[in-house]
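K.L.:
Predicted model and sequence follow; I will ask about them next.
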Amino acid sequence: MSTTRSLVDSDGNINANYLTKELQEALEADVKFKQTDNMKKRAVKTSSDYNEFKNMVAAANLKKLTSKEVESLSHVKKGWQKTVVHDSTASAIILTKEVESDRIRTQNLEARGVIAPTEVKLKPKSAMEVERDLRRISDEADKLL
């Protein structure tokens with residue numbers, strides 16, 4: 001009932017925009033169904049297992065690439081790409097800030113009576129190291145430092 005209300009207005013005129021939209025959606029669904037059906041028929045003959053069949057059917061509605069499009073993938077695009085220049089002074093400043101923050105953290109721990117490790121790591125190498133170190137800290141307040 002709701003479709004007839006939007007298809008026909010109060011004066012009894014047909015809503016052409018709604019009808020056009022509905023026809024386009026029906027045509028797109030029909031094209032997709034036929035592409036999928038044809039790919040299923042081809043994939044049954046050529047695929048060696050179900051996963052290959054499923055992947056071929058899933059890619060049925062994709063557009064084929066032209067040879068020019070494939071060649072363009074290997075070319076480097078020019079324009080806004082900028083090369084990154086490694087600045088050793090910036091990394092040295094960051095390193096000194098990390099060392100200073102570690103020194104302050106160690107002083108705060110010693111002031112509260114916590115014995116700090118003699119070797120201070122600047123950065124953990126992996127997430128596993130972070131988790132391991134957090135598990136080793138007994139006080140919850142120390143974990144937040």
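P.N.:
That came in fine, so what should we check first?
K.L.:
and residue 69, what helix or strand is that in?
P.N.:
helix 67-74 (DSSP states H and E).
K.L.:
who touches that helix?
P.N.:
Taking contacts as CB atoms under 8 Å, 6 or more residues apart in numbering, no residue outside helix 67-74 touches it. Just so you know, the C-beta spots here come from the backbone N, C-alpha and C atoms, and that holds for glycine as well.
K.L.:
I'd like the average pLDDT over it.
P.N.:
Model confidence over helix 67-74 averages 83 on the pLDDT scale.
K.L.:
Against which helices or strands is the longest helix along the chain packed?
P.N.:
As far as residue count goes, and with DSSP state H defining each element, the longest helix of the chain is helix 16-46. Contacts defined by 3 or more CB pairs under 8 Å, 6 or more residues apart in numbering; DSSP states H and E place helix 16-46 against helix 2-7, helix 50-58.
K.L.:
roughly how far apart are residue 130 and residue 10?
P.N.:
Look at residue 130 and residue 10: by CB to CB, to the nearest Å, they are 67 Å apart.
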